[in-house]
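> What follows is a predicted structure for the sequence shown.
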Amino acid sequence: MTGVADWKAALRTHLDQLAVVFEQRFGYPFDEESNFVSDADQELPTGGDATAFPPALADFYAEVGEVSLPDVNNGYFIHPADRLPVAADWGLPTRVDVGSIGEVATFGSDGGGGFFCLARHRGVIFHLPPGRVDDGVYTGGLGDPRLIADDFEGFLARILVVIGEFVASGATVEL
C-alpha cells in the first residue's frame, strides 16, 4: 500500500464509523452516496495545462478519484482530476494575486465557497475564502488566504484529524 492508499482506507473507516452515529446525533440519515472517497477510475487527463498535476497531486489521483464529505462541518471536497487541467473553465483559481502565493493548483473546495489549493512554487496548501475569480485569477475575498499545511500530505493528515474528531464527538474543528 502507498501512503495515499492507507489514507483512503483510514478515511473510509471514519466514514463507516460516522454512518453508525450520524442519524442519532443529527436526526437524519447519513447519506453514503454523497459522503465518499472513490477509487481512481481514469488516467490523469491530458491537454489544457500540462503542469496541472504537481507530483503530490499526481500521486493522489493515481489512487483516489474524488472525495465528497458534505456532512462533515460545512463540507469538504477534493475535486476529480479532470477539473485541474481546465480549472479556470470551472471558475477555479489557477493564480492567486493576494500576498505572494502566485500560481496554484486548485484541487478542492469547502461547502462555503472557499477553495483548497497547492501553491506551485512552495508546495504548501492554502484555503482561499470565498472571493472573486476572473479567468482563473483569485483577487481576494471574505478574508485572507490561510496556510493549512506545509505540503499535500499534511493536508490529507489534517482531513483525517478533522473527520476523526467529528466522528468521535460531533465537534467540528477548522481544517
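Structure's in. What do you need? Residues are numbered from 1 along each chain as shown.

> So for the longest helix seen in the chain, what gets flagged as buried?
Taking DSSP state H as the criterion, the chain has its longest helix at helix 3-26. Neighbour-count burial for helix 3-26 flags Val4, Trp7, Lys8, Ala10, Leu11, His14, Leu15, Leu18, Phe22 (criterion: 16 or more other C-beta atoms under 10 Å). C-beta coordinates here come from the backbone N, C-alpha and C atoms, glycine included.

> what's that helix in contact with?
Residues from elsewhere that reach helix 3-26, judged by C-beta atoms under 8 Å, 6 or more residues apart in numbering: 1, 29-30, 32, 35-37, 39, 59-60, 62-64, 67, 71-72, 153, 156-157, 159-160, 163-164, 166-167, 170.

> run the last query once more with 6 Å
29-30, 35, 37, 59-60, 63-64, 156, 160, 163-164, 167, 170 (C-beta atoms under 6 Å, 6 or more residues apart in numbering).

> which ones among the residues you listed are found in helices?
Per DSSP H, these map to helices at Asp59, Phe60, Glu63, Leu156, Leu160, Ile163, Gly164, Val167.

> hmm, which of these are the buried ones?
Buried among the ones in helices among the contacts of helix 3-26 by 16+ other C-beta under 10 Å: Asp59, Phe60, Glu63, Leu156, Ile163, Gly164, Val167.

> Find the nearest non-adjacent residue to the third one, please.
Okay, so that is Glu63. Val4 (4.2 Å; C-beta to C-beta, 6 or more residues apart in numbering).

> Same question for the fifth one.
The shortest distance from Ile163 to any residue that is not its chain neighbour, by C-beta to C-beta, 6+ apart, is 4.6 Å, and that residue is His14.

> cool, and the fourth one?
Leaving out its chain neighbours, the residue that sits closest to Leu156 by C-beta to C-beta, 6+ apart is Trp7, at 5.0 Å.

> what about that neighbour, distance to Glu153?
8 Å (C-beta to C-beta, to the nearest Å).

> try Glu174
Relative to Glu153, Glu174 is positioned 19 Å away (C-beta to C-beta).

> The helix or strand where Arg158 lies vs helix 3-26, what angle?
Assigned by DSSP states H and E, Arg158 belongs to helix 152-169. Angle, helix 152-169 to helix 3-26, by axes from the mean of the first three to the mean of the last three C-alpha atoms, to 10 degrees: 30 degrees.

> Now helix 152-169: buried residues?
For helix 152-169, using 16+ other C-beta under 10 Å, the buried residues are Phe152, Glu153, Phe155, Leu156, Arg158, Ile159, Val162, Ile163, Gly164, Glu165, Phe166, Val167.
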